[in-house]
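Peer 1: Next come a sequence and a model predicted from it.
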Amino acid sequence: MKRILITGGSSYLGQHLVPLATRQHEVCYTFYENDPFDLPYGEQLDLRDGSRVMKLISGFQPEAIIHTAGSNRSPDMEAVIRLGAHHVTEAARINNARLIHMSTDVIFDGRNAPYRETDPPNPIHDYGRAKGAAEAIVGQWANHVIVRTSLIYGLFIMDRSTEWMSAALAEGRPVKLFDNQLRQPVWAETLSLACLELATSNYCGVLNVAGDQSVSRAYFGFKLLDWWGINDRDLVEVGPSDSKWPLDTRLDLTMAREMLSTPLLGIDQVIDMTQNRPPASNFN
């Protein structure tokens with residue numbers, strides 16, 4: 001058992017990670033506004049407040065920190081990601097805590113996939129630039145792992161993109177699914193278990209952790225619509241992306257396959273194996 005602090009307990013990943021972590025570890029989790037668990041070991045925290053970050057981490061004295069906070073939907077996105085990474089990394093260094101930092105596949109421009117751990121960031125939009133800067137900050141503390149991952153989904157808590165699609169279709173608004181964006185969606189339970197495994201390992205550096213199946217955003221979107229029983233497809237359009245997001249951010253998972261005992265399941269495998277089982281990420 002380790003003492004683990006999880007930032008972003010109210011994030012989509014955090015809502016899966018916290019319940020799994022509490023089964024084997026002593027956990028403190030943070031949230032910004034809404035506490036999804038209302039448990040005694042949850043703490044409200046603004047990552048932009050460096051003194052508060054230091055006080056909380058120094059008080060809890062974690063052996064490992066899993067830093068999941070930092071949404072691309074925040075109006076103060078860059079400050080939250082960059083300042084948050086700085087404050088958490090400094091507190092980890094001062095308290096000699098291992099730091100597992102969540103990054104993203106969109107730190108790349110999408111022109112040279114599949115990307116290895118040694119490939120340097122080359123982002124083409126603000127979110128990717130902020131996450132790339134956060135990686136550089138985290139890398140200044142020796143005892144760290146930067147986890148580069150992809151689209152995160154779950155089959156028992158609806159992710160925000162699927163929530164948006166569902167709401168739009170229910171209101172009669174059109175939805176476009178991109179057939180030229182390639183990603184490797186990762187099941188939230190897979191990513192949570194991998195993070196917990198890394199929290200207790202000796203590996204330091206960058207590690208790609210994603211689903212072992214490359215799919216288009218359109219394929220992924222239809223899979224989740226099917227899972228959630230959203231059958232109104234008349235307003236769903238399939239076509240190329242016209243956004244500035246990278247088109248192909250597939251990750252080379254060779255290192256993760258060799259290092260982790262957690263299987264890196266693709267979305268087809270996950271759906272097949274979860275048809276008739278309850279979620280693992282609860283407190284039961």
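Peer 2: Cool, got the structure.

Peer 1: Which pLDDT value does the model give Asp126?
Peer 2: pLDDT recorded at Asp126 is 92.

Peer 1: Secondary structure element for the closest residue in space to it that isn't next to it in sequence, which one?
Peer 2: The shortest distance from Asp126 to any non-neighbouring residue, by CB to CB, 6 or more residues apart in numbering, is to Glu78 (6.5 Å). All C-beta spots, glycine's among them, are computed from the backbone N, C-alpha and C. If you go by DSSP states H and E, Glu78 is part of helix 77-94.

Peer 1: buried ones in that helix?
Peer 2: 77-78, 80-92 (16 or more other CB atoms under 10 Å).

Peer 1: And the strands in the stretch 51-200 of the chain?
Peer 2: Along the stretch 51-200 of the chain, the segments classed as strands by DSSP state E, counting those that start in this stretch run 64-67, 98-104, 144-149, 152-153, 175-178, 182-183, 186-187.

Peer 1: Dump the ones you listed to TSV, plus mean neighbour count.
Peer 2: Output for the strands of the stretch 51-200 of the chain, formatted as TSV (neighbours: other CB atoms under 10 Å):
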stretch	mean neighbour count
strand 64-67	27
strand 98-104	26
strand 144-149	24
strand 152-153	24
strand 175-178	19
strand 182-183	24
strand 186-187	27
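
Peer 1: Can you tell me which of the ones you listed is nearest to Asp126?
Peer 2: Of all the strands of the stretch 51-200 of the chain, strand 98-104 sits nearest to Asp126, with 12.6 Å by CB to CB.

Peer 1: Name the residues that touch that closest one?
Peer 2: 13, 63-68, 70, 85, 88-89, 92, 127-128, 131, 134-135, 138, 141, 143-150, 195, 198-199, 206 (CB atoms under 8 Å, 6 or more residues apart in numbering).

Peer 1: shaky segments in this protein?
Peer 2: Per-residue confidence of the chain (counting by pLDDT under 70) places the weak regions at 71-75, 276-284.

Peer 1: if we go to 80?
Peer 2: 70-76, 242-243, 275-284 (pLDDT under 80).

Peer 1: Tell me where it has helices.
Peer 2: For the chain, applying DSSP state H gives helices covering 12-22, 50-60, 77-94, 126-138, 160-170, 188-199, 217-227, 254-259, 267-273.

Peer 1: Could I get those helices in CSV, plus columns for distance to Leu39?
Peer 2: Formatted as CSV, those follow (distance: least, CB to CB, whole Å):
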stretch, distance to Leu39
helix 12-22, 8
helix 50-60, 14
helix 77-94, 21
helix 126-138, 27
helix 160-170, 23
helix 188-199, 17
helix 217-227, 29
helix 254-259, 31
helix 267-273, 27
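
Peer 1: Ok, which of these comes nearest Asp179?
Peer 2: With distances scored as CB to CB, the stretch of the helices of the chain nearest to Asp179 is helix 217-227 (4.4 Å).

Peer 1: could you check the angle helix 160-170 makes with the closest one?
Peer 2: 70 degrees (axes from the mean of the first three to the mean of the last three CA atoms, to 10 degrees).

Peer 1: List the buried residues in helix 217-227.
Peer 2: By 16+ other CB under 10 Å, the buried positions in helix 217-227 come out as 217-225, 227.

Peer 1: Can you name the residues in contact with it?
Peer 2: Against helix 217-227 from outside (CB under 8 Å, 6+ apart): 151, 153, 155, 159, 161-162, 165-166, 175, 177-179, 181, 183, 185, 215, 231, 233, 236, 238, 241, 267-268, 271.

Peer 1: and what of stretch 187-199?
Peer 2: With CB under 8 Å, 6+ apart as the criterion, stretch 187-199 contacts 2, 4, 12-13, 15-17, 20-21, 24-25, 64, 66, 68, 98, 100, 102, 145, 147, 149, 152-155, 157, 207, 209, 211, 256, 260-265, 267, 270, 279-281.

Peer 1: Can you go through those and name the buried ones?
Peer 2: If we count by 16+ other CB under 10 Å, those have these buried: 4, 12-13, 15-17, 20-21, 25, 64, 66, 68, 98, 100, 102, 145, 147, 149, 152-155, 207, 209, 211, 256, 260, 262, 264-265, 267, 270, 280-281.
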